[in-house]
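Asks: Sequence first, predicted coordinates after that:
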Amino acid sequence: MGDGEETKGRKSGRKERVLHTRVPAVLEQELKRVASAWRVPVSNVVRALLEDALDTIDVVGAKAEGELREVAELLSSERQRFRRKSSEQLSKIPGAREPVADAVEAVRSPDSGSDPLAGAVGATPIILVHDAVCGVTGATLAAGSEAYMILFDEPGRQLITGRGALPRASTPNEEKADD
């Protein structure tokens, strides 16, 4: 069930159940005081408080998730900016390692045998605003060129590739290139 459906189900569902719970005497007195002030039974106060608490948790959770995604995107863009500046500086040093080799090593370093496209669900074409490095092959992708943003189920996970790094269709319906 989605967030809206859960809230709707909690508020409109009349298949109510009795829930027994122990509470400290101080909490019992406070619930009775609120119930008296609202002129409703204590059970209605408890139900309203629980529903509000669950709704608040849903809202806060969704907001926190959105903020975490923004932070992850900011970190990713800063990491790319840092890599680009590092590559520029490194390329100015005679005899330094090739920046592309460093990028390939960085992509493959967590597990040298891992597939960077593992867990990918699709790709969408983009035009690069800045130079980038293909996350699969390590090739330099020039600003203004077409690249592909790989889409993952995992929030915040990103990968940019060139066309040559994309998997080819393996179905009988595969489109044939012009000969």
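Replies: That came through fine. Numbering: from 1, shown residues only.

Asks: Might you list the low-confidence residue ranges for the chain?
Replies: 1-14, 94-113, 171-179 (pLDDT under 70).

Asks: okay, now the domains of it?
Replies: Per automatic domain parsing, the domain ranges recorded for the chain read 21-95, 97-165.

Asks: Show me which of these has the highest average neighbour count.
Replies: domain 97-165 (a mean of 14; mean count of other CB atoms under 10 Å). To be clear about C-beta, it is placed using only N, CA and C from the backbone, and glycine gets the same treatment.

Asks: rewinding a little: among the domains of the chain, which is nearest residue 15?
Replies: domain 21-95 (13.6 Å; CB to CB).

Asks: Three-state assignment for the nearest residue to residue 124 once chain neighbours are set aside, please.
Replies: For residue 124, ignoring the flanking residues on the chain, the nearest one in space by CB to CB, 6 or more residues apart in numbering is residue 149 at 5.3 Å. Under DSSP: H, G, I helix; E, B strand; the rest coil, the three-state class of residue 149 is strand.

Asks: Repeat that for residue 125.
Replies: Going by three-state DSSP: residue 125 is strand.

Asks: One more: residue 19?
Replies: Residue 19 ends up coil, using three-state DSSP.

Asks: Now it, what are its backbone angles?
Replies: Main-chain dihedrals, residue 19, degrees, to the nearest 10: phi -120, psi 120.

Asks: One more: residue 163?
Replies: Torsion angles, degrees, to the nearest 10, at residue 163: phi -60, psi -40.

Asks: Settle this for me: the residue nearest to residue 124 is touching residue 120, isn't it.
Replies: No. Assessed by CB atoms under 8 Å, residue 149 is found out of contact with residue 120, at 10.4 Å.

Asks: Mutual contacts of the two, please.
Replies: Residues touching both residue 149 and residue 120 (CB atoms under 8 Å, 6 or more residues apart in numbering) are residue 159.

Asks: Which residues are in contact with the residue lying closest to residue 122 once chain neighbours are set aside?
Replies: What sits nearest to residue 122 in space, not counting adjacent residues and going by CB to CB, 6+ apart, is residue 151, at 4.7 Å. Contacts for residue 151 (CB under 8 Å, 6+ apart) come out as 120-124.

Asks: picking that back up, so what sits opposite the residue nearest to residue 124 in the bridge?
Replies: residue 124, residue 160 (DSSP bridges).
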